[in-house]
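Q: Let me see the structure of the following:
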Amino acid sequence: IDEYSGEDDLYYWQVDEPYFTTEYIEPEISYDLKDATSCTETTITIDSNVINTEGTTFYISDIDGLLSLSAIVGGIDTSNTGHLGCGFYNSAGVANPMLGATIMLLNDINYNENFIFEMDLETGEPIIKDKTTGEITTETPISWIPIGWYGMVDLPFSGIFDGNNKVISGLFAFCLFGYIEETEIKNVGIENSYVNKSNSIGMIVGEAYNSTITGCYNAGNASGTTSRNWIAGIVGYANNCYIEDCYNIGNVNGIAEDSAIVGGIVGYVVSSTIENCYNLGNVSYNLGNVNGIAGYSCVVGGIVGGLHVSENVNSKCINCYNLGAINIAGILSSGNIRVDVGGILGVAQGLALLNCYNVGSLEVQFSTVVDSLVVNVGGIIGYAVSSVSVENCYNAGNISGINNVGGLVGGGMGSSVTVTYCHNSGLVNEAEATLDNLVGDGTEGEGCSIDTHENIISKLNEYVINYSGELDLLNWREQPEPYLVFVANEG
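A: Residues are numbered from 1 along each chain as shown. I've put the predicted structure just below:
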């Protein structure tokens, strides 16, 4: 690692400006979606030419083209949506998923260019300002209609969307893609946006199935108000997906009257891999005044909120880190309430967690506490259910909470949970890191040991060399704090 010359600048994880890894190539424009006039399930008409979508590359040069894509995939009658200036008129309501097509974005696009979108971190409500004056305005932005829908009618986007290192700004209410399946989304950034609608909130994608999301970032605000299920900076819900080289620097906020899962990168994961991703944004969850709710559950993670307990197999989280603060608050009056919070993952089952770290602080505080409250807070994982492997991970963030609070894992440590070559240097409820507070509920039992700092550094870097891990985050630098190591026996 020390001798690595760092030719691949991607792995320095720059955060001061949007950073993409692919070289821009000026395309030869053939079909611009702004000129689309109608469609069938497999064709699009542009300038009187009927074009098969499969195997064709389409381009988006301005907002009209992006609106046309939304209308084409969603079968939307654009005359009734408030889409200003969109030339596409889909009166028949025919949806085309763009299967086999490639869509390339040519320019930055600002959907609500006259507004600045901020968010109240306590209430999750939008703060909308006039871009010219910088003052709060009472004018209402135009709500974005996402590309693809999931709900009463399933209308997925199934093409390839190449953002071409461009930025989309000014999204309001809904995420860029509502529902994707069997597709790839890459190289697009979201800025100056506020999203709070639908059950699955991800600033890039709400719900993703059998898809790949790479090279994307979010600098907007995501807020799940009322009964929103999954909330995240990049993808709300990911099923059998691969998410790589993505980052979030926007605020992610859950304000719920019902159960919800919140993550800096992904909210809810089923059989998916998250690799080379990081979160710098604040991740918070305000339970409000919880009174009499049966089975209320709050799950929050700096990278991933939670994993599907009954179906999840072979999920992986590799080379990821969180620097954002995680805060959970509320007033608890009554009810059966459970809270699981982790610097990387809120709840884990059927997961391999490798080469990840958390530096962000974790704080769980309630104005009142009820007898039926269960809280698990961990620097890496809030609650480890079973079949979880955690290797080469560390926490340096300070942790505070009630019930089960641990430097690495809050609670669980069920069947086949192992934690190896990991350490904690953060304070645990203001106490220094020790073996006794690595796991919040004390279930690590026998098998815990403290190795010398030098030996652990040597083992970690030896692993990195064997793993050929050029990532800068894998350089386990010399620090004065001891590295703590333990292995939990099965069961």
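Q: wouldn't C393 be in contact with I380 here?
A: Yes. Proximity of C393 to I380 meets the contact threshold set by CB atoms under 8 Å, at 5.3 Å. C-beta here means a position set from N, CA and C on the backbone, and glycine is covered the same way.
Q: Could you name every residue contacting both of those two?
A: 344, 353, 356, 408, 422 (CB atoms under 8 Å, 6 or more residues apart in numbering).
Q: show me what contacts the third one?
A: Contacts here follow CB under 8 Å, 6+ apart; on that basis C356 touches 303, 317-321, 344, 380, 393.
Q: Quick check: closest non-adjacent residue to N376.
A: G410 (3.3 Å; CB to CB, 6 or more residues apart in numbering).
Q: Pull the residues that contact the host helix or strand of that neighbour.
A: Using DSSP states H and E, G410 maps to strand 409-412. When contacts are defined by CB under 8 Å, 6+ apart, strand 409-412 is touched by residues 340-342, 375-378, 380-386, 390, 401, 403-404, 419, 438-441, 443.
Q: all helices in the protein, in order from the N-terminus.
A: For the chain, helices defined by DSSP state H occupy the ranges 63-74, 453-467.
Q: hmm, back to that, give me the more crowded residue out of C393 and I380.
A: Taking neighbours as other CB atoms under 10 Å, C393 and I380 compare with I380 leading, 31 against 26.
Q: list the contacts for that one?
A: I380 sits in contact with 342-345, 353, 356, 358, 390, 393-395, 408-409, 422, where contact means CB under 8 Å, 6+ apart.
Q: again, only this time at 10 Å
A: 301-302, 322, 342-345, 348, 353, 356-358, 390, 393-395, 397, 406-410, 419, 422, 424, 438 (CB atoms under 10 Å, 6 or more residues apart in numbering).
Q: so how far is stretch 118-128 off the chain centroid?
A: For stretch 118-128, the separation from the chain centroid amounts to 19 Å (computed by CA atoms, centre = their mean, to the nearest Å).
Q: typed the wrong thing, it's stretch 411-426
A: Offset of stretch 411-426 from its chain centre (CA atoms, centre = their mean): 23 Å.
Q: So which bits of that stretch are buried?
A: 411-414, 417-419, 421-426 (16 or more other CB atoms under 10 Å).
Q: same thing with stretch 53-63?
A: 53, 56-61, 63.
Q: just to revisit the earlier point, so of the contacts of strand 409-412, which ones are in strands?
A: Among the contacts of strand 409-412, DSSP state E puts 340-342, 375-378, 381-384, 390, 404, 419 in strands.
Q: Give me the buried entries from those.
A: When burial is judged by neighbour count using 16+ other CB under 10 Å, the buried members of the ones in strands among the contacts of strand 409-412 are 340-342, 375-378, 381-384, 390, 404, 419.
Q: show me the contacts for the nearest residue to C241 once chain neighbours are set aside.
A: Once flanking residues are discounted, C241 sits nearest to S272: 4.4 Å by CB to CB, 6+ apart. By CB under 10 Å, 6+ apart, the contact set of S272 is 208-211, 213, 235, 237-243, 266, 304, 307-308, 312, 314-317.
Q: Next up, phi/psi of S272, please.
A: Main-chain torsions, S272, degrees, to the nearest 10: phi -130, psi 170.
Q: correct me, but V252 touches V304?
A: No. Using CB atoms under 10 Å, V252 is not in contact with V304; the gap is 11.9 Å.
Q: overlap in contacts of the two?
A: 232, 262-265, 267, 279.
Q: Out of these, list just those in strands.
A: The strands, defined by DSSP E, take in 232, 262-263, 267, 279 from the shared contacts of V252 and V304.
Q: Can you pick out the most distant pair from those?
A: Largest separation among those by CB to CB: G267 and N279, giving 12.2 Å.
Q: Going along the chain, name the strands of the stretch 51-200 of the chain.
A: Under the criterion DSSP state E, counting those that start in this stretch, strands of the stretch 51-200 of the chain are mapped to 57-60, 102-105, 109-110, 115-119, 126-130, 160-169, 172-173, 177-181, 184-195, 200-202.
Q: Pull the fifth one out as CSV, backbone CA atoms only.
A: By that I understand strand 126-130. Taking C-alpha atoms only, strand 126-130 is exported to CSV below (Å, rounded to 0.1, in the frame of the first residue of the first chain):
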residue,chain,number,x,y,z
PRO,A,126,-38.7,21.1,2.4
ILE,A,127,-37.3,24.6,2.7
ILE,A,128,-37.9,26.2,-0.7
LYS,A,129,-36.1,29.4,-1.6
ASP,A,130,-36.2,31.7,-4.6
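Q: tell me what that strand is packed against?
A: Applying 3 or more CB pairs under 10 Å, 6 or more residues apart in numbering; DSSP states H and E, one finds that strand 126-130 contacts strand 115-119, strand 172-173, strand 184-195, strand 217-226.
Q: same thing with the first one?
A: With contacts taken as 3+ CB pairs under 10 Å, 6+ apart, strand 57-60 sits against helix 63-74, strand 102-105, strand 160-169.
Q: so how far is it off the chain centroid?
A: 27 Å.
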